[in-house]
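1. just a sequence and a predicted model for now, questions to come.
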Amino acid sequence: MPTLDTAPGPDAYAVDLAEIDVSLPQLMQRDIHWDYFARLRDEAPVHYCQNSLFGSYWSITRFSHIMEMERNWQDFSSDAGVVLADRPQDFQTKNFIGMDPPQHDAQRQTVQGAVAPINLVKLESTIRSRAATILDSLPVGETFNWVDHVSVELTTQMLATLFDFPFEDRHKLTYWSDMATSGELGGGLIPEPERRAALLECLEYFTTLRDQRASAEPKADLLSMLAHGKETRAMPAMEFLGNLILLIVGGNDTTRNSISGGVLALNQNPDEYDKLRADQGLIPNMVSEIIRWQTPLAYMRRTATRDVHFAGQSIRAGDKIAMWYVSGNRDERVIPEPNRFWIDRPNARHHLSFGFGLHRCMGNRLAEMQLRVLWEEIMRRFKMVELVGQVERVQSSFVRGYTALPVCVHPW
């Protein structure tokens, strides 16, 4: 684990506006990005960065502008991908979140049934049982890493269930998820050859499973749905891999980092923790506030399909655009006291963390349910999950995540 640089960053208001590059992965790793986004929202809400690790790009930082852009997929396309790093020409892993209608709609519809309300009802008891087992195994009185012991373990078990993936190999899902989002081309630490090798291993493993499901009766797991779906059963190998990675990252990274982020937020805001202890009926609303506060995926990319005038700026066809959910979720124009973590916040579900429009997160209700059930089980057992050491964050401008959250649990 590299040593984390915790020194203060440069003053966001002292940097020339044209030189601001909020895509620098180290800004979020060091948690020093907030003032940069606040300045952009105020002074340049549609901001052009000429030079970055990812080339030139526009930043959209206000809540209302992000919503407007999300509605207009005709001018602002997902087809070139949803991250600022361009897809390598020799390793194209396209998936349905990186598509426009009608192809997007057909592929999404194939797997959406896995998180339909009727299936969520069936999953809740499984989540509760697993959360209870994980929490009961925690070493009371000892320091441990909440990320590994709880956040990763619970979400990986749930992901294995959604895929009907061999349970004994479930940690491969975590490994592949981390490799998918941590490549050096995207600003992470994993060399590209290592990342590719891991993803090809993922493809090989899942191809064997898919072939088995294709020859069996259709079931309600994601892989069976892909194997039997009219629009997905004959997908090219790299498109199959792209959709696997989308479903793995979407079902793993996002929820696990909100689980960790909630513990951190409550420790940083002890009055809110007191409020939770006094009224555990606040948990469902708190879950929405955690997801807003954490914003586990910081942005989504769009690409302009034509020259367009947007919020006073001229965006050219082919320009890359980052819709910064992490900034929109702190926009005081829309969200009262946005920098306050407020577990009984009115209208707490009014946030951008799940996206908006046709690309709104398919598994948003499942994510909320996992967090709700986990916190219900936490509060049955522990008066406090206490942060007792230094937080370590992922080096990424896309995933707002954690590698270490040292804690000690205190029973009632």
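-> Structure's in. What do you need?
2. let me see the ranges of the helices in the stretch 301-412 of the chain.
-> 325-328, 364-381 (DSSP state H, counting those that start in this stretch).
3. show me the helices in the stretch 51-200 of the chain, by range?
-> 63-71, 103-112, 117-136, 146, 153-163, 171-181, 192-214.
4. where among these is average confidence lowest?
-> The minimum mean pLDDT among the helices of the stretch 51-200 of the chain belongs to helix 103-112 (a mean of 68).
5. now the helices of the stretch 51-200 of the chain in a markdown table, with mean neighbour count and distance to Gly242?
-> Backbone N, C-alpha and C define where each C-beta goes, glycine included. Below are the helices of the stretch 51-200 of the chain laid out as a markdown table (neighbours: other C-beta atoms under 10 Å; distance: least, C-beta to C-beta, whole Å):
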| stretch | mean neighbour count | distance to Gly242 |
| --- | --- | --- |
| helix 63-71 | 19 | 21 |
| helix 103-112 | 18 | 10 |
| helix 117-136 | 14 | 24 |
| helix 146 | 22 | 31 |
| helix 153-163 | 22 | 16 |
| helix 171-181 | 21 | 10 |
| helix 192-214 | 16 | 9 |
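6. pipe the ones you listed into JSON lines and attach distance to Glu337 per row.
-> Converted to JSON lines, those look like this (distance: least, C-beta to C-beta, whole Å):
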{"stretch": "helix 63-71", "distance to Glu337": "14"}
{"stretch": "helix 103-112", "distance to Glu337": "35"}
{"stretch": "helix 117-136", "distance to Glu337": "31"}
{"stretch": "helix 146", "distance to Glu337": "27"}
{"stretch": "helix 153-163", "distance to Glu337": "30"}
{"stretch": "helix 171-181", "distance to Glu337": "31"}
{"stretch": "helix 192-214", "distance to Glu337": "40"}
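7. of these, which approaches Ser288 most closely?
-> Ser288 sits nearest to helix 63-71 of all the helices of the stretch 51-200 of the chain, at 15.5 Å, using C-beta to C-beta.
8. residues in contact with that closest one: which ones?
-> Here helix 63-71 makes contact (C-beta atoms under 8 Å, 6 or more residues apart in numbering) with 45-46, 60, 76, 302, 310-311, 321, 323-325, 328-329, 331, 333-335, 352, 355-357, 359.
9. in strands only, show me those residues.
-> 46, 60, 76, 302, 310, 321, 323-324 (DSSP state E).
10. closest to Glu272 out of these?
-> Using C-beta to C-beta, the ones in strands among the contacts of helix 63-71 come closest to Glu272 at Trp324, 25.2 Å.
11. for that closest one, what are its contacts?
-> 22, 37, 59-61, 66, 298-299.
12. looking at the protein, which helix is longest?
-> For the chain, the helix with the greatest residue count under DSSP state H is helix 237-268.
13. sorry, back to before: wait, which of the contacts of Trp324 is closest to Pro88?
-> Tyr299 (20.1 Å).
14. what about the closest one, how many neighbours?
-> Close neighbours of Tyr299, defined as other C-beta atoms under 10 Å, add up to 28.
15. so how far is Leu24 from it?
-> Relative to Leu24, Tyr299 is positioned 13 Å away (C-beta to C-beta, to the nearest Å).
16. need the residues touching each of those two.
-> Ser397.
17. list the buried ones in the longest helix of the chain?
-> Within helix 237-268, the residues that qualify as buried by neighbour count (16 or more other C-beta atoms under 10 Å) are 238-267.
18. the contacts of Trp324: which two are farthest apart?
-> Val22 and Ile66 (14.0 Å).
19. quick check: which ranges of the stretch 251-400 of the chain have low pLDDT?
-> Applying pLDDT under 70 to the stretch 251-400 of the chain flags residues 358.
20. what do you get if the cut-off is 90, keeping everything else the same?
-> Within the stretch 251-400 of the chain, the stretches with pLDDT under 90 are 251-254, 354-367.
21. quick check on Ala44: phi, psi?
-> phi -150, psi 70 (degrees, to the nearest 10).
22. who's in contact with it?
-> Going by C-beta under 8 Å, 6+ apart, the list of residues near Ala44 reads Leu17.
23. confidence score at it?
-> 98.
24. ends of stretch 324-332, how far apart?
-> When the termini of stretch 324-332 are compared using C-alpha to C-alpha, to the nearest Å, they are 15 Å apart.
25. how about that stretch: buried residues?
-> 324-331.
26. run through who's touching the strand or helix carrying Glu289.
-> Secondary structure assignment for Glu289, by DSSP states H and E: helix 283-294. Helix 283-294 is touched from outside by 257-258, 261-262, 265, 276, 329, 335, 341-345, 348-349, 351-354, 367-368, 371-372, 375-376, 379, 400, with contacts defined as C-beta under 8 Å, 6+ apart.
27. what angle separates that helix from helix 237-268?
-> Here helix 283-294 points in a direction 110 degrees away from that of helix 237-268 (axes from the mean of the first three to the mean of the last three C-alpha atoms, to 10 degrees).
28. residues of helix 283-294 that come out buried?
-> 283, 285-294.
29. now render the residues you listed as JSON lines, adding distance to Pro411.
-> Compiled in JSON lines, the buried residues of helix 283-294 are given as follows (distance: C-beta to C-beta, whole Å):
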{"residue": "Ile283", "distance to Pro411": "19"}
{"residue": "Asn285", "distance to Pro411": "25"}
{"residue": "Met286", "distance to Pro411": "21"}
{"residue": "Val287", "distance to Pro411": "23"}
{"residue": "Ser288", "distance to Pro411": "27"}
{"residue": "Glu289", "distance to Pro411": "25"}
{"residue": "Ile290", "distance to Pro411": "22"}
{"residue": "Ile291", "distance to Pro411": "27"}
{"residue": "Arg292", "distance to Pro411": "30"}
{"residue": "Trp293", "distance to Pro411": "26"}
{"residue": "Gln294", "distance to Pro411": "26"}
